[in-house]
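*Asks:* Okay, here's the prediction I keep looking at, along with the sequence it came from:
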Amino acid sequence: AELRHDYVQTHLTSLADAHLPDLVGAFAQLRELGERRLRDEGVAPEAMSFGLSLDMRYSGQEFTLPVPVALHELDEDAIAIVRSRFDASHEHRYGYCSPDEQVEIVNLRLVAGAPRESPPLPPPPSASRGPLVGRREVWLADPAEPVDCAVYARDRLGVGEEVVGPAVIEEHSSTTLLWPGDRAKVADGGELVVQVGGWA
């Protein structure tokens, strides 16, 4: 996973009364904390990323919604920009917004992160036995007409092998059902890639 550190600072105020220099200063302090933490973890400055947001709500509500912002946006136009984003987010989430209602800032949030190089996955072990373990009837679309399906053992499928539906692929923790026309292929990392309805 990528490196990620979340910082939250309570800053309860109405949006209309928000003092922008205070917001900028508070975000700068949170960013300094994030930079220091990433630097201690060996992250180069150019690899660091920072995401800023305000937790906001209509006055009287208990829940908040995160509204993304950037430091360069916290100028004389910030109130209108942030208000518009909050109303749009509220309408998207809950199906309505109240542009005439008072809006509050509750928290300032900053996410400090950096990418990590993913280590290569080890190749899956080679299958020593054939994957086909039997056949059985499975009820699919028609409850009166079962379909004869091949049954495969998941751990016996090697890289590059394909299974064409209708078929059942069994393993200790799950079962994969392929309908007629589906195809499953074992990818290089050992995962199953299923194409529904045949290859495109």
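*Replies:* Looks like it arrived, so ask away. Numbers count the residues shown, from 1 in each chain.
*Asks:* Quick one: list the elements packing against the longest helix along the chain.
*Replies:* Using DSSP state H, we find that the single longest helix of the chain is helix 20-40. Applying 3 or more C-beta pairs under 8 Å, 6 or more residues apart in numbering; DSSP states H and E, we find helix 20-40 packed against strand 3-14, strand 49-58, strand 103-114. Backbone N, C-alpha and C define where each C-beta goes, glycine included.
*Asks:* Would you check that residue 59 makes contact with residue 102?
*Replies:* Yes. Residue 59 sits in contact with residue 102 when judged by C-beta atoms under 8 Å, with a separation of 4.1 Å.
*Asks:* Common neighbours of the two, please.
*Replies:* residue 14 (C-beta atoms under 8 Å, 6 or more residues apart in numbering).
*Asks:* still on that earlier bit, and the angle for the longest helix of the chain with strand 103-114?
*Replies:* Relative orientation of helix 20-40 versus strand 103-114 (axes from the mean of the first three to the mean of the last three C-alpha atoms, to 10 degrees): 20 degrees.
*Asks:* Just want the angle from helix 20-40 to strand 49-58.
*Replies:* 140 degrees.
*Asks:* sec struct for the most far-flung residue of the chain relative to its centre, please.
*Replies:* Distance from the C-alpha centroid of the chain, by C-alpha atoms, centre = their mean, peaks at residue 144 (40.9 Å). At residue 144 the chain is in coil, as set by DSSP: H, G, I helix; E, B strand; the rest coil.
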